[in-house]
Each structure stands twice: as structure tokens, then as C-alpha cells.
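sequence-free structure coming up:
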Ligand SMILES: C[S@@+](CC[C@H](N)C(=O)[O-])C[C@H]1O[C@@H](n2cnc3c(N)ncnc32)[C@H](O)[C@@H]1O
């Protein structure tokens, strides 16, 4: 046992951080370094045991230390992302429930949401589609920015939709959320022409890239990451269908991550608007209804 009841939380965080740092781990599922991950681990477990206000010089009892040690061991030995061990991930400043049926929220689209998609949207959206919603973080965070909007949360995975539903209730947004089981747009036929905003972070990782990903990614559902045709199959299907579902002022925001270069090569004259991020991230494009109608993907 690394910890004892005489150590302060500050000392515990320092010890946990060193352990994480020296282990062969990948950081990128909610934090990008060992220190932040140690802080997140300690704060969440101490609070879950009934302490509301955390202070650096505080000490904790044996039971809390046992939970901390157990979680740290699992993170290091099995390389399980911390978010799954804590059943919590943060997105656009809010906590979401997660389990291993959804990927851990980390899309740079969070920054666009916090900026209310300025200057892309001409007016506030009425109906938003979060396609491939996973935990529902993108659609639900958007609802928080647009208080008069409703969202359709759609995913092929029933288990992911259960998580999205938990999150809609957690944030008191159930009455503004419609949950749809759908293979891309297949079960959304009744909503053609309705969406002022389609936001989609689909699977876009090709087989070869998938095999090379760090062990942490293998704890995430493969259905959430993998897409055929070197990652492009699902993004291209979405580009081909989106115009039918957008309103005439609508826009599509589509994340394709590392597959952006391949997509550009495949459609060199497409009018993609690649978005810049202050807080890091790339491979997110915007296209208007008019552009999607005109260009033949
Ligand atoms: C990359 S994850 C994105 C989850 C969430 N939007 C986020 O950013 O955290 C992709 C999601 O697409 C879903 N998915 C995979 N294939 C799909 C399909 N054909 N139709 C709808 N959803 C699909 C997966 O279940 C997964 O939840």
C-alpha cells in the first residue's frame, strides 16, 4: 500500500502522480498528463466518500485509501482509462456518466459548443441532431448553450443510448431530448428537412490505425472507433445524406480526426471549411445545407 492515514491529500496526489508517470500509460481520455489524472482520481474518490470541500492538507481514512489504491492499480496494471473506473468524464465543463459502452468524451467540438458555433450559425437552432451520440455529451452540451432548442440523440448502439438517456436525466434535459436508435439516418426518415444543426463525431478510424492505438483505446467499444475504407466509410455516408435532413439554413459539423487528409485527397475540390481550435484538436469540418446540396460526394 502506497498510502497511509498520516499523508495529506497533497502528498497522496504527488505519490499517485509519480506512480502514473512511471507506468507505461497513455493520457488522452479526459486528461493529458499524470498530475491532472492524479488530482482527478483523488478528488473524485474523496468526494464520493462524503467530503464536499477538498483541502490540500486534509487526511483521509483507511477505506478511502483502499479505494484510491485499488483504482490506481487497475489504471496502471490493466490500462483502463480513469473515466471508466470513476464512471465519469467531463465535457464542455460538465460531468457525464460513462461506462465502457461509450467512448470517453474528448471531442474538440466542445470548444465550438462553448462558442455557440459562432460565426457558423445564422441564428439559434431549433432542432439539433447529435448523430452517433454515444454518451450524448455533444447534443446535451449544445442544449445547455441553446435553451430553446431540442435535440435528437441517435446511435446504432442501444447500450450507448442507455448512457445518453442517463445523462439527459442527470442534466434535467430529458424533456428536450428525443432518443432514437438509428443506423446513421435510417430511422430518422420522418425528420427530413428538420435539423438546423447536425453535429456528428462518427467512427472514423481505419483498421491499420486502430491496431496501432495505445491499450487504453482497446477498452473503448470498437463500434465507436472503427470505420471501413480506411476510416472514411461512415463520414462519406454522412456527407451524402446530411442535406436531406438539414433545414435550408442548416449546417453540418462533422469530425473526422486524423482522416481529414484522406478525405481531402478523396474530394480535392469539396468546399470543406476546416475549423481551428484554440484548445487543440483538428479534423472537424463545417458545410452548409447549400454546399451539401450542390456538391456530389
Ligand atoms: C466516436 S463515438 C462518438 C460518441 C460521442 N458523440 C462523443 O463525441 O463522445 C461514435 C459513436 O457512433 C456510434 N455508431 C457507430 N456506427 C454507427 C452507425 N452506423 N449509426 C449510428 N451510430 C453509429 C457508436 O456506437 C458510437 O457511440
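It's in. Bear in mind the structure is a predicted one, so any value in this text is a computation, not a measurement. Numbering: from 1, shown residues only.

Against residue 150, how distant is whatever residue of the chain ends up closest to the ligand?
Proximity of the chain to the ligand (C-beta to the nearest ligand atom) peaks at residue 134, 2.5 Å away. Heads up, the C-betas are built off the backbone N, CA and C, glycines and all. According to C-beta to C-beta, to the nearest Å, residue 134 and residue 150 sit 19 Å apart.

Who has more neighbours out of those two?
residue 134 (29 against 16; other C-beta atoms under 10 Å).

which residues touch the residue lying closest to that one once chain neighbours are set aside?
Spatially, and ignoring its direct neighbours in sequence, residue 134 is nearest to residue 102 (4.3 Å; C-beta to C-beta, 6 or more residues apart in numbering). By C-beta atoms under 8 Å, 6 or more residues apart in numbering, the contact list for residue 102 reads 134-135, 157, 159-160, 163-164, 221, 224.

Name the SS class of the residue nearest to residue 122 when sequence neighbours are not counted, please.
Leaving aside its sequence neighbours, residue 122 sits nearest to residue 249 (C-beta to C-beta, 6+ apart; 5.5 Å). Recorded secondary structure, residue 249: strand (DSSP: H, G, I helix; E, B strand; the rest coil).

With residue 242 instead?
Assignment for residue 242 (three-state DSSP): helix.

Repeat that for residue 130.
strand.

do the one 10 residues further on as well
Recorded secondary structure, residue 140: helix (three-state DSSP).

Quick check, it in contact with residue 166.
No: the pair residue 140 and residue 166 does not pass the contact test of C-beta atoms under 8 Å, sitting 10.7 Å apart.

Surely the residue of the chain closest to the ligand is in contact with residue 162?
No: counting by C-beta under 8 Å, residue 134 stays clear of residue 162, with 11.3 Å between them.

which residues of the chain score low on pLDDT?
Nowhere does the chain drop to pLDDT under 70.

Which residues of this protein lie near the ligand?
102-103, 105, 107, 132-135, 137-138, 155-157, 160, 182-184, 201-203, 223-224 (C-beta under 6 Å from any ligand atom).
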